[in-house]
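# Make a model of this:
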Amino acid sequence: MSSISIDTILDAADAHQASDVFLQEDEIPRLKIREQIVLLGDEPVTLQHLTGLWQVCGGKVESDMDRDSGLISHTHVRFRVNLHRSMGRLAAVLRRIKTEIPPLPTLGLPVNLLTRWAQRSFGLVLITGPTGTGKSTTIASMLHWMNMNLARHIVTIEDPVEYIFENQQCHFTQREVGRDTTSFAHGLRSALRQAPDVIFVGEIRDYETALIALQAAETGHLVLATMHSERVADTMERFTHLFPDDKLNQGVHLLADQMLGVMCQRLVPKKDGGLQLLVEHIENGGAMREWIRKREAFQIKEHLAKGNDPNAQSFLKAAVEACRSGKIEESVAAQATSNEAEFKRAMRGVQ
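Coordinates of the predicted model:
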């Protein structure tokens, strides 16, 4: 008789603090622990196991090819779920969602900058980075700080809802794409009729969502959102590329006027086996606003490279500081900057 079950797999993922669970029909389950993928036991997951998981997550085994969903385990651990097929076999990847919201100062973030943005009454803040770099955690920590310090109505539009907020000074309306609204764009448009002060959009990935987010900022709302871009300058280009050619000028000017700031995140291995957060960020204003308006990404890169703006930091500066403080290996820091020669010059103090 099989000793393996979806419940036992999810229990193991929680016990080992795994970030992800990989399941595929007739394959041994795998966990990602500290960025390393390891086998869980020696017993494969069966079609019956995965059929049950798909059904619980709302997937149609007979017809669905891909589906995003969420799942709460029997021990009340939340998972983000992607159901898919691999070579015709049922499969799933589950990402464990940390439900305890860490305070901003514990994350290694520029707290003064983020809390200053959080106190603004309108504008757009973008938190960016590849998947799994803690963007949702950063946003949740900002919202938690607001909840403790400000009186706001905060509407979140997420896919799925990750962190559950209890109303303190703020009132939260949390909406999940697929369950409470049909899309990010539709949820965002509806949010404007719900008397919000702050709107969190889980991801901006299409023209309609980008436009409504900027219009919401323009009409007096603070909008927080995430994107999948790796650097500050890349973020500006990625955002404007969402606009069709005949709307590009409108998008660029709105972005230049409404952007408060951008923070990009990366996670790299620490010497002690954990993960170190590196951030690159800028605050919009003055010359920065004109560079965005003129789409002069090279000017933004040069400004970051100079390192003389207290409200701006490059990944290079973040990597050098983490290396000098003994948190990460020099080879890891050099790889994180994507320019080893530049990193070595910076380590020697050469601009």
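# Point out where the stretch 1-150 of the chain drops to low pLDDT.
Counting by pLDDT under 70, the ranges of the stretch 1-150 of the chain that qualify are 1-2.
# gap between the closest residue in space to residue 84 that isn't next to it in sequence and residue 244?
Of all residues not flanking residue 84 in the chain, residue 66 sits nearest, at 4.8 Å (CB to CB, 6 or more residues apart in numbering). Any C-beta I mention is one placed from the backbone N, CA and C, and that applies to glycine too. If you measure residue 66 against residue 244 using CB to CB, to the nearest Å, the figure is 26 Å.
# Run through the neighbouring helices and strands of the helix or strand hosting residue 264.
For residue 264, the host element (DSSP states H and E) is strand 259-269. In this structure, strand 259-269 makes packing contacts with helix 111-118, strand 123-128, helix 135-149, helix 232-240, strand 275-283, helix 315-324, helix 330-337, judged by 3 or more CB pairs under 8 Å, 6 or more residues apart in numbering; DSSP states H and E.
# Let's see that with 7 Å instead.
Contacting strand 259-269 under the criterion 3 or more CB pairs under 7 Å, 6 or more residues apart in numbering; DSSP states H and E are the following elements: strand 123-128, helix 232-240, strand 275-283, helix 330-337.
# List the strands paired with that strand, with their directions.
For strand 259-269, the pairing partners within the sheet under DSSP bridges are strand 123-128 (parallel), strand 275-283 (antiparallel).
# Put together CSV for those strands, with distance to residue 347 and mean neighbour count on each row.
As requested, those are exported to CSV (distance: least, CB to CB, whole Å; neighbours: other CB atoms under 10 Å):
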stretch, distance to residue 347, mean neighbour count
strand 123-128, 26, 26
strand 275-283, 15, 22
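# CSV for those strands, including distance to residue 75?
Conversion of the strands paired with strand 259-269 to CSV gives the following (distance: least, CB to CB, whole Å):
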stretch, distance to residue 75
strand 123-128, 29
strand 275-283, 24
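# Quick one: closest of the ones you listed to residue 16.
When the strands paired with strand 259-269 are ranked by distance to residue 16, counting by CB to CB, first place goes to strand 275-283 at 15.3 Å.
# Tell me the first helix or strand C-terminal of the closest one.
For strand 275-283, the following helix or strand on the C-terminal side (DSSP H and E) is helix 287-293.
# what helices or strands is that following helix leaning on?
When contacts are defined as 3+ CB pairs under 7 Å, 6+ apart, helix 287-293 sits against helix 248-258.
# next one: the helix it packs on to chain centre, how far?
From the chain centre to the centre of helix 248-258 is a distance of 23 Å (CA atoms, centre = their mean, to the nearest Å).
# What segments of the stretch 1-150 of the chain are helices?
Taking DSSP state H, counting those that start in this stretch as the test, the helices found in the stretch 1-150 of the chain are 6-15, 47-56, 111-118, 135-149.
# Name the residues of the longest one that are buried.
Within helix 135-149, the residues that qualify as buried are 135-147, counting by 16 or more other CB atoms under 10 Å.
# Now the two most distant members of those.
Going by CB to CB, the two entries of these that are most distant from one another are 135 and 147, at 18.7 Å.
# sorry, back to before: include distance to residue 256 when you put the helices of the stretch 1-150 of the chain into JSON lines, please.
Compiled in JSON lines, the helices of the stretch 1-150 of the chain are given as follows (distance: least, CB to CB, whole Å):
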{"stretch": "helix 6-15", "distance to residue 256": "44"}
{"stretch": "helix 47-56", "distance to residue 256": "45"}
{"stretch": "helix 111-118", "distance to residue 256": "17"}
{"stretch": "helix 135-149", "distance to residue 256": "23"}
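# Of the ones you listed, which is nearest residue 284?
With CB to CB as the criterion, residue 284 lies closest to helix 111-118 of the helices of the stretch 1-150 of the chain, at 10.1 Å.
# Name the residues that touch the strand holding residue 264?
Here strand 259-269 makes contact (CB atoms under 7 Å, 6 or more residues apart in numbering) with 35, 117, 120, 123-129, 133-135, 138, 229-232, 235, 275-284, 292, 315, 328, 332, 336.
# same thing but 6 Å
Counting by CB atoms under 6 Å, 6 or more residues apart in numbering, strand 259-269 makes contact with 117, 120, 123-129, 133-134, 231-232, 235, 275-284, 328, 332, 336, all of which sit outside it.
# can you check stretch 7-17 too?
Under the contact criterion CB under 6 Å, 6+ apart, stretch 7-17 has outside partners 21, 29, 31, 33, 40, 73, 74, 77, 96.
# so the fifth one sits right up against residue 29, yeah?
Meaning residue 40. Yes - taking contacts as CB atoms under 6 Å, residue 40 lies within contact range of residue 29: 4.6 Å.
# just to revisit the earlier point, out of the strands paired with strand 259-269, which comes closest to residue 222?
Nearest of the strands paired with strand 259-269 to residue 222, taken as CB to CB: strand 123-128 at 6.1 Å.
# mind saving the C-alpha coords of that closest one as CSV?
Taking only C-alpha atoms (Å, rounded to 0.1, in the frame of the first residue of the first chain), the coordinates of strand 123-128 have been written out as CSV:
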residue,chain,number,x,y,z
GLY,A,123,1.9,57.7,-7.7
LEU,A,124,3.2,54.4,-9.0
VAL,A,125,5.8,52.2,-7.2
LEU,A,126,7.2,49.2,-9.1
ILE,A,127,8.9,46.3,-7.3
THR,A,128,10.6,44.1,-9.9
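# follow-up on the earlier one: compare the helices of the stretch 1-150 of the chain and give me the one nearest residue 344.
helix 111-118 (28.3 Å).
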